[in-house]
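> Can you look at this prediction? I've put the sequence above it.
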Amino acid sequence: MTSRAACDLEALADDAWLLRFGDRIDPELNAAVHAMAARLRALDPPWLRDVVPAFASLAVFFDEAEDPAQVHAALQALVEDGGASALPLRPRDGVIEIPVLYGGEHGPDLESSAAEFGLSPRELVERHSAGDYTVAMIGFAPGFPYLSGLDPALALPRLATPRARVASGSVAIGGAQTGIYPRESPGGWRLLGRTPWTLFDPRREPPTRLQPGDRVRFRAIDAEEFARLASRQDASS
C-alpha cells in the first residue's frame with residue numbers, strides 16, 4: 001500500500017488553494033502531487049476550474065462564485081481520505097526517446113560545461129544521454145518539461161547572465177534539472193544541444209508533446225539526422 005503523503009493547504013489567491021507536499025525536489029513528493037491532480041480531475045467537482053502541478057505542490061483553481069472555505073473543506077477531506085495516494089499517476093507506456101544534436105551552434109555550453117566536470121564533451125554527452133528521466137512538471141513556458149533524474153554529478157549552476165534568445169528545442173541543464181525549451185525564449189540554463197522535435201503546438205490536442213509522468217531518454221544524433229527530422233516536422237506543420 002502507498003503511504004499517505006503529508007500535505008498542507010495554503011491560500012494562493014482569492015480563487016485558488018495551494019496543496020504543499022514538501023519543499024524539495026523529490027520523486028515521491030512529485031508522484032504524490034500528480035496523484036492528487038489525477039484524483040481531482042477524475043472527481044471533477046463542479047467548482048474545479050484547473051489544477052497546476054509543480055515539483056512539490058499543486059495549485060487548485062476554483063470558480064470565483066464558490067465559497068473558498070467550502071472548497072478548502074472539500075480539499076482537506078480529500079487529503080485526509082488519502083486522496084493523494086488513491087489514484088496514482090499512470091504514465092504512458094514505454095520510454096519516449098528524444099533525438100538531440102549535441103554541441104556546436106546548437107549546444108554552445110557543451111564544451112565549457114564538460115570542462116567544469118573534467119570531462120571531454122563526448123563523455124558529457126554519453127553521461128547526459130545515458131540518464132533515465134521523468135517529466136516532473138510542465139512549466140516556465142507552455143510545454144517546457146522539467147525532467148527529474150539528472151545524475152547529481154552533472155548539476156550545473158545557471159548562467160550569471162541569461163541569454164536573450166534560446167532556440168526552440170534546446171536541451172539544457174539548470175541546477176539539478178535538465179529540460180527542453182519548447183519555443184524560442186530568453187533563458188539562463190546551460191545549452192548542451194537541440195532536438196528537432198516540436199514540443200508545443202497549440203493546434204495539437206494535447207498541445208504539449210510530453211506529459212507529466214512520461215519517461216524520457218535522450219539519443220545523440222548527427223547533423224544529417226537532425227536536418228532530416230527537422231524537415232519532417234516542417235512538413236507536418
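Yes, it's here. Residues are numbered from 1 along each chain as shown.
> What is the least confident helix or strand in this structure?
Within the chain, judged by mean pLDDT, DSSP states H and E, the helix or strand with the poorest mean is helix 83-86; its value is a mean of 49.
> Next, the buried residues of whichever helix or strand comes after that one.
Counting by DSSP states H and E, the next helix or strand C-terminal to helix 83-86 is strand 95-102. By neighbour count, with 16 or more other CB atoms under 10 Å as the criterion, the buried positions of strand 95-102 are 96, 98-102. Just so you know, the C-beta spots here come from the backbone N, C-alpha and C atoms, and that holds for glycine as well.
> residue contacts, residue 177?
Contacts here follow CB atoms under 8 Å, 6 or more residues apart in numbering; on that basis residue 177 touches 25, 136, 146-148, 150.
> Who wins on neighbours among those residues?
Using other CB atoms under 10 Å as the neighbour test, those are led by residue 136, with 27 neighbours.
> Okay, and the beta partners of the nearest residue to that residue once chain neighbours are set aside?
Excluding its sequence neighbours, the residue lying closest to residue 136 (CB to CB, 6 or more residues apart in numbering) is residue 148, at 4.3 Å. For residue 148, the beta-bridge assignment (DSSP bridges) gives partners residue 134.
> so residue 148 touches residue 30, yeah?
Yes: look at residue 148 against residue 30 with CB atoms under 8 Å: they come within range, at 6.6 Å.
> Report the set of residues contacting both of the two.
Taking CB under 8 Å, 6+ apart as the contact rule, residue 148 and residue 30 both touch 55, 134, 136.
> for the residues you listed, which one is nearest residue 215?
Of all these, the one sitting nearest residue 215 is residue 134; the distance, using CB to CB, is 5.7 Å.
> Look up the pLDDT of the closest one for me, please.
Residue 134 is assigned a pLDDT of 89 by the prediction.
> can you check residue 87 too?
47.
> Equivalent analysis for residue 91, please.
Confidence per residue is given as pLDDT, and for residue 91 that number is 54.
> Please state the offset of the helix ranked longest in the chain from the chain centre?
With residue count as the measure and DSSP state H as the assignment, the chain has helix 27-43 as its longest helix. Once both centres are worked out by CA atoms, centre = their mean, to the nearest Å, helix 27-43 turns out to sit 14 Å from its chain's centre.
> So which elements touch that helix?
With contacts taken as 3 or more CB pairs under 8 Å, 6 or more residues apart in numbering; DSSP states H and E, helix 27-43 sits against strand 48-53, strand 57-62, helix 68-80, helix 83-86, strand 133-138.
> by contact count, what packs against the second one?
The one in question is strand 57-62. strand 16-20, helix 27-43, strand 48-53, helix 68-80.
> ok now that strand, how far from the chain's centre?
Distance of strand 57-62 from its chain centroid, counting by CA atoms, centre = their mean, is 17 Å.
> Same question for the last one.
Averaging C-alpha positions (CA atoms, centre = their mean) puts strand 133-138 4 Å from its chain's average.
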